[in-house]
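K.L.:
Take this sequence and fold it.
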Amino acid sequence: MKPSPGFFRLFAAFLLFTCPFSLTARSYSPWVVSEHVADLSGNWHSFMQHRDFIGKRDGELAYAVWKYLCSRETGLVHTGPWEEPTRWTNERGEPDGWGNPFTYGSFFDPVKNLNCLAMGYCGMQSSVVSGIFMALGYEARNVNLNHGYSHEVCEVFYAGGWHFVDTDERGLVLTPGGELASWEQMAAHPEWWPWWPFPDSPHFPSHLEHFGGLVKQGKVQRQGLKYRWAEQGHTMDFVLRMGETFTRFWKADSTRFYTGWWERDDNAGQWLRDRVINDPEHMYRNGQRGAYGSIYDRPGGGVFVYEPQLGSLWQDYLDGFYERENVEPADNGVKAGAGGGWTAFELWTPYIIVGKNGPDGGAGEPYDGALIEYEGTGGIRVLCSWDFGSRWDEVSTASNGRLDVTSKVYGRYGYLVKFEMAEGAALEKLRLTTWVQCAPVSLPAVRGKTVMRFRTGDRTGEKTVVAPFFADFSTTPDSLKALNWLSVQNHNPFDLHRRAAGASAVVSPPAGAVLRWLTVGGDFDNPQKPEIWVSSTGDRAGLKNLTTLTAPAWCDHWMSTLDQFYGPPDSIPGKLLVEYRKNVNNVRIYGHYAEPDRPVKDSPVEVTHRVAGVETTVTVQSDTTYTVWGEGENEWIRMRVKSERAD
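P.N.:
Numbering: from 1, shown residues only. Model (predicted):
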């Protein structure tokens, strides 16, 4: 007999009363994993615990991963390019849509793409798939096919040979012995193509007549072998503070999803303008029903709402502030002492920040995606930093306000808000609302009786906070000089291959925090054999070689992307020095630091699943398994850390 939804709500209540939780602190990297959806957070050990992958290896695992990423429920969707903010010029300073954005700006990182988009053209998808296979211990590469059929696929190496997998065309081909064929074998044996040996979907390829026909005619040839899309840098770690909720929706509302607002009028932007902004119902109808289709009607969305209780009767402020000077919680909020003071709050999201995209598609600015609402007394000045503290812009001098900063943070992953207060001034209320885009395929779906796994902690199991250090070298020299943690040698923003001879980055966490581990990476020119050196003492005398980038012999493309894990000694005294030698085109560092001044035991997290109009709520802490019931459309999942009173 099938249990009723009411049974599982009672089960959730039983958890609440039989597992009392102490009132502690913020929750570090809270994550819910459904038994039906693989863990796409970048914790690849957890990814391999999914029922489709556990215990598999070599060809069996390669096929299972390919099939998972082709499924209508969990797979990638074919679209045009998706690019982050970057310069639209070539090395001569001329407008160029296929230079810098195509090379450096696309969502190639598998963790970032699968959590924010789960979309892209063939080159993006093959890069994502290659990255996943590399994370699972395979050697993998992109194979560029041209002459009559411009296409890019992934090949994965095992059992002494290369094997073709294609998520964009939803296909692969078997040898007579039942192994996954390589591209060379597929091209040499077109007779292997016309039949499909598997009884289940997906089937290869949707363009069989076109693609297979061209192969039989010898019109599809290999043009390049690329090692360059091996990004593993992006992190899904974040902190949920007292007084904060994070809700993720399977369908975003209105036009509030990422379009690359500042980009050209074709490809991804045009695709969304035609199918979403100018025809909002299109995605409901889902115009991509075929092999490219998804069960989801449009991009997913999410919203962080941080609304702490700031007074001294509550723990929220001390749990949630980023940095402060000469301010303390008082009866009426956070109050500045003699001579004035300031306090800053952070909004870091692993998902890309979005906003409503206006009525007109190509005009105006996005809005209603990042809102700062506050109330106070006395003199208050509000500043924001879009680069995590290197530069600050004044956004208000009023004691109360509602500030829409969407256009400043659209396409980014966070910002800082600082309140400078005159002596005796008080910040009484604060609400930060930040909208993001989430890929529906990464969300923990409920299908009937479903086992959920809740965990906290980063990929190493530690309770850490993320400090991002990003630098796009296509920007102006003055803009790079403003980054107080970076120095660049021989900067040339228009040189696509060699933007800088080298760079140095000083990675420092906020006061009182300690660096625990990092991913250190960037984009490089292969022939230069660039090097990354690190010093855990923070000075050049302690520099040691972390890695030298040597592309495999089969690679015939000039550019590689590298993100190297650096697990430091037990402690790094204050800061880490990273030095890039010989060549670097972009810098990308994620520092993970511990906060010894805060309790490190997680707060309880209230998790609510809404499925077909029915809400089920459980309260969980640290590593917990629970069961929920739901039938019908998954609508949203919400995580909340409640405000807590002071002892």
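
K.L.:
low pLDDT regions in the stretch 251-400 of the chain?
P.N.:
254, 259-298, 358-364 (pLDDT under 70).

K.L.:
Strands of that one, start to end?
P.N.:
Counting by DSSP state E, counting those that start in this stretch, the segments of the stretch 251-400 of the chain that form strands are 300-306, 323-325, 327-330, 333-336, 341-348, 370-377, 380-385, 393-396.

K.L.:
Could you do the stretch 1-150 of the chain as well?
P.N.:
Secondary structure of the stretch 1-150 of the chain (DSSP E, counting those that start in this stretch): strands located at 27-28, 31-34, 77-78, 119-120, 139-146.

K.L.:
Can you tell me the centre-most residue of this protein?
P.N.:
Here the mean C-alpha position of the chain is nearest to the C-alpha of Lys112 (C-alpha atoms, centre = their mean), at a distance of 3.2 Å.

K.L.:
how is this structure carved up into domains?
P.N.:
Domain ranges of the chain: 38-226, 240-258+299-443, 465-594, per automatic domain parsing.

K.L.:
looking at the protein, which helix or strand does the model trust least?
P.N.:
Scoring the helices and strands of the chain by mean pLDDT, DSSP states H and E places helix 5-18 at the bottom, with a mean of 34.

K.L.:
Give me the number of neighbouring residues for Gln489.
P.N.:
By other C-beta atoms under 10 Å, the residues close to Gln489 number 12. C-beta coordinates here come from the backbone N, C-alpha and C atoms, glycine included.

K.L.:
what does the one 10 residues further on give?
P.N.:
A count of nearby residues for Arg499, using other C-beta under 10 Å, gives 27.

K.L.:
cool, and the one 3 residues further on?
P.N.:
When neighbours are defined as other C-beta under 10 Å, Gly502 has 17 of them.

K.L.:
Same question for Gly300.
P.N.:
26.

K.L.:
Quick check: it touching Leu443?
P.N.:
Yes - if you go by C-beta atoms under 8 Å, Gly300 and Leu443 touch, sitting 6.4 Å apart.

K.L.:
and for the two, which residues touch both?
P.N.:
By C-beta atoms under 8 Å, 6 or more residues apart in numbering, Gly300 and Leu443 have these common neighbours: 248, 250.

K.L.:
and the strands of the stretch 251-400 of the chain, which is most packed in?
P.N.:
Stretch with highest mean neighbour count among these: strand 333-336 (a mean of 26; mean count of other C-beta atoms under 10 Å).

K.L.:
List of residues touching that strand?
P.N.:
Strand 333-336 is contacted by residues 310-311, 317, 326-329, 342-343, 376, 378, 419, 421-429 when judged by C-beta under 8 Å, 6+ apart.

K.L.:
ok, back up a step: could you say which one of the domains of the chain comes nearest to Ser643?
P.N.:
domain 240-258+299-443 (4.6 Å; C-beta to C-beta).

K.L.:
and that closest one, how far apart are its ends?
P.N.:
Start and end residues of domain 240-258+299-443 are separated by 17 Å (C-alpha to C-alpha, to the nearest Å).

K.L.:
OK, contacts around the residue located most distally from the centre of the chain?
P.N.:
Within the chain, the residue lying farthest from the chain centre (C-alpha atoms, centre = their mean) is Ala338, at 42.3 Å. Ala338 is in contact with 326, 423, counting by C-beta under 8 Å, 6+ apart.
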